[in-house]
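# sequence plus predicted model, see below.
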Amino acid sequence: MKCPGQDTQYWGAGAIFEAACPDCGATVEFFKDDTLRTCRGCGKRLVNPKLDFGCASYCQFAESCIGSLPPELLAEKRSFIKDRVAVEVKKRCGKDFSRIGRAARLAGHAEHIAAQEEGADLAVLLCGAYLTALSPEERVEVFSTISAPEGLVTEVMAVLEGLSSKDGGSDNQSILQDACEIADEEDRCGGDPLDEVAFQGGLARRLKTAGAEKTARSALVRG
């Protein structure tokens, strides 16, 4: 049985449409289930601007359903997983708003640090941040529930396992360790700001990445 979204008998108006190439302006015709089309004017590979990445982003049968996924779509799939992880974590935390809140703060700090660091993988970082709220067994359950890509699972688990290590690890591990340091300091301060001397003599010395100091100062240091 075909997925109804890919079966032409269910297609209506708008199933075939035209879009302008952003590079040369030439008209490119798309079918609704095309993932990519090549512009005849300049040869640029264009992602279908109306393609619904929804099911393809997490469905384990996406490759066989719509063909070999292009790199552009694979990147979207990897990015989409972090949102599904967040939802599953919240389900398992229930009304434990303390755990949920800390994981959300951790994710926010990791995202801010990552924006300033080359080599950071936001999908790995945010999945890892959310999953700190769960036990190792629950983390495995979450990834199993959402059918996450094996490579992403391996990277996230490695980062989480290395969180308690004081030794250097991957860039992602260092970023998440710094995000944890910032969140821990927030918990200790209880909302009270730090002065510059206390910051430089304490937290700043423990941070591993350059981007973390700016993030920590913004979150904790008295203006």
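Here it is on my side, so go on.
# over to Val47: give its phi and psi.
As for Val47, its main-chain torsions (degrees, to the nearest 10) stand at phi -80, psi 140.
# check Val28 too.
According to degrees, to the nearest 10, Val28 has phi -120, psi 130.
# same question for the one 4 residues further on.
Summarising the backbone geometry of Lys32 under the convention degrees, to the nearest 10, its torsions are phi -60, psi -30.
# ok, now how distant is it from Ala19?
Counting by C-beta to C-beta, to the nearest Å, the gap from Lys32 to Ala19 is 12 Å. In this view, the C-beta of every residue, glycine as well, is placed from N, C-alpha and C.
# give me the common contacts of those two.
Residues touching both Lys32 and Ala19 by C-beta atoms under 8 Å, 6 or more residues apart in numbering: Lys50.
# Ala148: which element?
Using DSSP states H and E, Ala148 is not contained in any helix or strand.
# the closest residue to it other than its chain neighbours: neighbour count?
Once flanking residues are discounted, Ala148 sits nearest to Ile81: 5.3 Å by C-beta to C-beta, 6 or more residues apart in numbering. Ile81 has 23 neighbours, counted by other C-beta atoms under 10 Å.
# quick check: Ile81 vs Cys39, distance?
30 Å.
# likewise for Lys90?
Taken as C-beta to C-beta, the span from Lys90 to Cys39 is 42 Å.
# equivalent analysis for Ala123, please.
Distance from Ala123 to Cys39, by C-beta to C-beta: 29 Å.
# just Ile113 next, same as before
Applying C-beta to C-beta to Ile113 and Cys39 gives a distance of 37 Å.
# so which of the two has more stuff around it?
Neighbour count, other C-beta under 10 Å: between Ile113 and Cys39, Ile113 has more, with 27 against 19.
# and that one, what is it in contact with?
Ile113 touches 120, 175, 178-179, 209, 211-212, 215, counting by C-beta under 8 Å, 6+ apart.
# next, name the residue at the spatial heart of this protein.
By C-alpha atoms, centre = their mean, the chain has its centre lying nearest to Ala123, at 2.7 Å.
# isn't it up against Asp83?
No. Assessed by C-beta atoms under 8 Å, Ala123 is found out of contact with Asp83, at 9.9 Å.
# helix, strand, or coil at Cys24?
Counting by DSSP: H, G, I helix; E, B strand; the rest coil, the backbone at Cys24 sits in coil.
# quick check on it: phi, psi?
Here is the backbone geometry of Cys24 (degrees, to the nearest 10): phi -120, psi -10.
# what separation is there between the residue nearest to the centre of the chain and Ala114?
Counting by C-beta to C-beta - Ala123 and Ala114 are separated by 10 Å.
# same thing with Lys82?
In terms of C-beta to C-beta, Lys82 sits 12 Å off from Ala114.
# any common contacting residues for those two?
With C-beta under 8 Å, 6+ apart as the test, Lys82 and Ala114 both reach Leu122.
# which stretches of the chain form helices?
With DSSP state H as the criterion, the chain has helices at 53-58, 62-66, 71-93, 97-114, 122-131, 136-146, 150-161, 171-189, 196-201, 203-206, 210-220.
# right, I'll call it a day here.
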